[in-house]
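*Asks:* coords please:
(2 chains)
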There are 2 protein chains.
Amino acid sequence: MPASPIRKLVPFAEDAKKRGTKVFHLNIGQPDIETPKVCLDAVKNCDVHILAYSHSAGNESYRKKLVQYYAKNNIHVTAEEIIVTTGGSEAILFGFMACLDAGDEVIIPEPFYANYNGFAVQADVKVVPISSSIETGFALPPIEDFEKAITPKTKAIVICNPNNPTGYLYSAAEMETLKEIVRKHNLFLFADEAYREFCYEGTHTSAMHLKGAEQHVVLMDTISKRYSACGGRIGAFITKNKEVFNAAMKFAQARLSPPYYAQVLGEAAVDLPDDYFDTTKAEYKLRRDTLVKSLNEIEGVFCPNPGGAFYVMAKLPIDDCDKFCQWLLEEFSYNGNTVMMAPATGFYATPGLGKDEVRLAYVLNATDIKEAANCLKEALRIYPGRQ
Amino acid sequence: MPASPIRKLVPFAEDAKKRGTKVFHLNIGQPDIETPKVCLDAVKNCDVHILAYSHSAGNESYRKKLVQYYAKNNIHVTAEEIIVTTGGSEAILFGFMACLDAGDEVIIPEPFYANYNGFAVQADVKVVPISSSIETGFALPPIEDFEKAITPKTKAIVICNPNNPTGYLYSAAEMETLKEIVRKHNLFLFADEAYREFCYEGTHTSAMHLKGAEQHVVLMDTISKRYSACGGRIGAFITKNKEVFNAAMKFAQARLSPPYYAQVLGEAAVDLPDDYFDTTKAEYKLRRDTLVKSLNEIEGVFCPNPGGAFYVMAKLPIDDCDKFCQWLLEEFSYNGNTVMMAPATGFYATPGLGKDEVRLAYVLNATDIKEAANCLKEALRIYPGRQ
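*Replies:* Numbers count the residues shown, from 1 in each chain, chains lettered A, B, ... in the order given. Alright, predicted model coming up:
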């Protein structure tokens, strides 16, 4: 089981803070946006007397609300096609466990969300990466690369759209390409759409929009980023494939139920005004623009401008991103500040890739982002492993 | 992946209710005791503005509180030996995943909590049952049975104390026996102590009390039953074995964090007055006494008097408990009522065992329990498969 590349630096950050250094946390997708008050109030006003188990698929009232939420996004599902999960993490785990047998292979364009590795280990499944590259802004690799990677053991393709860690937003044409591949080879398409609302250029094409792929698609979702409710631990596993649904329900039953309170929170969130995301999106767009600009202004740094989510990947003039990120926390400070980032190596499955890349989450306000970028600039100037 | 034997009858119960039949739920360990007001109020008064991820091991403030809770139970651990989990379920899963490799074997006295099977499937581990019997009230099987079952692949013994589904409370002598076995064969002892406080005869011996077994013991715990907070989904994985702790932390990091709100609830629970459990225990004892007496008064029924938890196993004069439990929901009613119970077959790993046994959870008040027992008496009188 691999250690989380995002969380393994945490002890070094804790030590830095104990020494009095301020750490700009660009390492983790923990938004600083406030959770909507109406959502928090729903929990405050929750008048249960017995905090009982939910249905293993989640409260029916919440699933019915989710049907409305998805319909607004042109995703038409029923409450019986939804399993409320403990975060998006569990939705992914259920997908791996329900659809794949030990020894099966899943294709994932790399760099990819590092915890997919952990879920693959738990499901005893082999991750087969196909590489996307910072030069193309991490666009979907060409179809030939998929064809080359497919073996008789291949059972699924995993995509995250918009992407964590790259921020890349797949185009409608790229989604159609994926549809053709999964139909042709009879694969599952696992679609992690945690960042659905956070698209700054173009529109989001959900895997659930792909006509003719209904029996192939498993949607893995979460309210964590959407409503800044990461600590609630509520996500959703959604599929129109009845067999897959039933298999996933067995895992849902084994863990009894998802957490109650955050379902109440999520239920309230569906009634947020339609313009709720406008402000949030404008704020994230400002931050993205600030971060991408600031990074590209640093000598030797290259950062593509991604279309969605709240991450960017940047190429740095360094020897080794793991060393560099640890060094930032252990040995560096500038005006009492340092920066915490996620080393990109953890997002690649192919050994050696991503050694000069880092992921930055723009979950701080633009002022802090500028200051963090300044800090990084100074760090790159004096880092002993600069290339 | 096996379906949960406790939850698979749910659709039949839903149909019965739609027909207007009242269902006495003795099938699931969902207490009807109110969650302590001080715990619910802690959530209501929770003034977070951003519902952020917790530490992967759980909030430090909560872990420190848990240290106090365990100390009161003569269990001496530090906050660094605790991982807060998403329910007891996840604590068990972490234990299986962190300590066992694919193909390893775990010995579990049967009947046992059915979801252990699900976690074993997820960890690709083989469950080796050794049978305890209703005739002895489900006492620990003799040490020779363990010795016979141990192979080079055996890595752990799992016990639940007091036991779900049997209610059996292991004696200090039985716990010492287990200690000797795990020390002699260098095994892990996974101890599920979800019902620690619910002991009606004798005292509870925690696996954590076993001197000299510190490196072998993994405690799997939950606040679900203790504070009637099943829906919160908060448990704990505790071990003094550093290597095991670190391995479990990787799984904790992969799923990011446990749910936030129920940690707040659990933190408040530690400050409940010391006599909090007295009332609850008195209530459960009354129910147990009522249920055991009522069952043993039915002709052909045998029910031992268990020392703890809130379950009893009863032997019924029937052909097949799965058929019978389904028949109760599908075809039977008495004065507009029926009873839902858990077929015991799901708690045995040895095929054929438990076919004439059921588990009843005494999570209803004594009046309802009497009425449910009456209903069961009538059902057994007319059931076509009566033996």
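
*Asks:* pull the longest helix from chain A.
*Replies:* Secondary structure of chain A per DSSP state H: the longest helix is helix A:276-297.

*Asks:* that one: which residues count as buried?
*Replies:* Buried residues in helix A:276-297, counted by 16 or more other Cβ atoms under 10 Å in any protein chain shown: A:276-277, A:280, A:283-285, A:287-288, A:290-292, A:294-295. All C-beta atoms are positioned from the backbone trio N, CA, C, and that covers glycine.

*Asks:* stretch A:321-331 now?
*Replies:* A:321-329.

*Asks:* ok, which pair from the buried residues of helix A:276-297 is furthest apart?
*Replies:* A:Y276 and A:L295 (29.2 Å; Cβ to Cβ).

*Asks:* what about A:M313, which helix or strand?
*Replies:* strand A:311-315 (DSSP states H and E).

*Asks:* that strand: which residues count as buried?
*Replies:* A:311-315.

*Asks:* what does that strand rub up against?
*Replies:* Outside strand A:311-315, the residues that touch it by Cβ atoms under 8 Å, 6 or more residues apart in numbering or on different chains are A:29, A:111, A:134, A:138, A:163-167, A:288, A:291-292, A:295, A:301-306, A:344, A:347, A:356-362.

*Asks:* and the angle for it with helix A:276-297?
*Replies:* 10 degrees (axes from the mean of the first three to the mean of the last three Cα atoms, to 10 degrees).

*Asks:* which of the contacts of strand A:311-315 are buried?
*Replies:* A:29, A:111, A:134, A:138, A:163-167, A:288, A:291-292, A:295, A:301-304, A:306, A:344, A:347, A:356-362.

*Asks:* if I look at A:D221, how far off is A:M208?
*Replies:* 10 Å (Cβ to Cβ, to the nearest Å).

*Asks:* what of A:K148?
*Replies:* A:K148 is 28 Å from A:M208, by Cβ to Cβ.

*Asks:* the more surrounded of those two?
*Replies:* A:M208 (23 against 11; other Cβ atoms under 10 Å in any protein chain shown).

*Asks:* now do the same contact list for that one.
*Replies:* A:70, A:75-77, A:191, A:217, A:219, A:238.

*Asks:* over to A:H25?
*Replies:* A:13, A:340, A:361, A:363-364.

*Asks:* just those now: which is nearest chain B?
*Replies:* A:V363 (10.2 Å; Cβ to the nearest Cβ).

*Asks:* which parts of stretch A:180-199 are buried?
*Replies:* Here stretch A:180-199 shows A:181-182, A:185, A:187-199 as buried, counting by 16+ other Cβ under 10 Å.

*Asks:* which of those residues fall in strands?
*Replies:* A:188-192 (DSSP state E).

*Asks:* picking that back up, tell me what the longest helix of chain A is packed against?
*Replies:* On a contact count with 3 or more Cβ pairs under 8 Å, 6 or more residues apart in numbering or on different chains; DSSP states H and E, helix A:276-297 meets strand A:311-315, helix A:366-382.

*Asks:* restricting to C-alpha, output the longest one in PDB.
*Replies:* Taking only C-alpha atoms (Å, rounded to 0.1, in the frame of the first residue of the first chain), the coordinates of helix A:366-382 have been written out as PDB:
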ATOM      1  CA  ALA A 366      -5.200  35.700  -4.700                       C
ATOM      2  CA  THR A 367      -3.100  37.800  -2.200                       C
ATOM      3  CA  ASP A 368      -1.800  34.600  -0.500                       C
ATOM      4  CA  ILE A 369      -1.200  33.000  -3.800                       C
ATOM      5  CA  LYS A 370       1.000  35.900  -4.900                       C
ATOM      6  CA  GLU A 371       2.900  35.700  -1.700                       C
ATOM      7  CA  ALA A 372       3.300  31.900  -2.000                       C
ATOM      8  CA  ALA A 373       4.500  32.300  -5.600                       C
ATOM      9  CA  ASN A 374       7.100  34.900  -4.400                       C
ATOM     10  CA  CYS A 375       8.200  32.400  -1.800                       C
ATOM     11  CA  LEU A 376       8.500  29.700  -4.400                       C
ATOM     12  CA  LYS A 377      10.500  32.000  -6.600                       C
ATOM     13  CA  GLU A 378      13.000  32.700  -3.800                       C
ATOM     14  CA  ALA A 379      13.200  29.000  -3.000                       C
ATOM     15  CA  LEU A 380      14.000  28.100  -6.600                       C
ATOM     16  CA  ARG A 381      16.700  30.700  -6.600                       C
ATOM     17  CA  ILE A 382      18.600  29.200  -3.700                       C
END
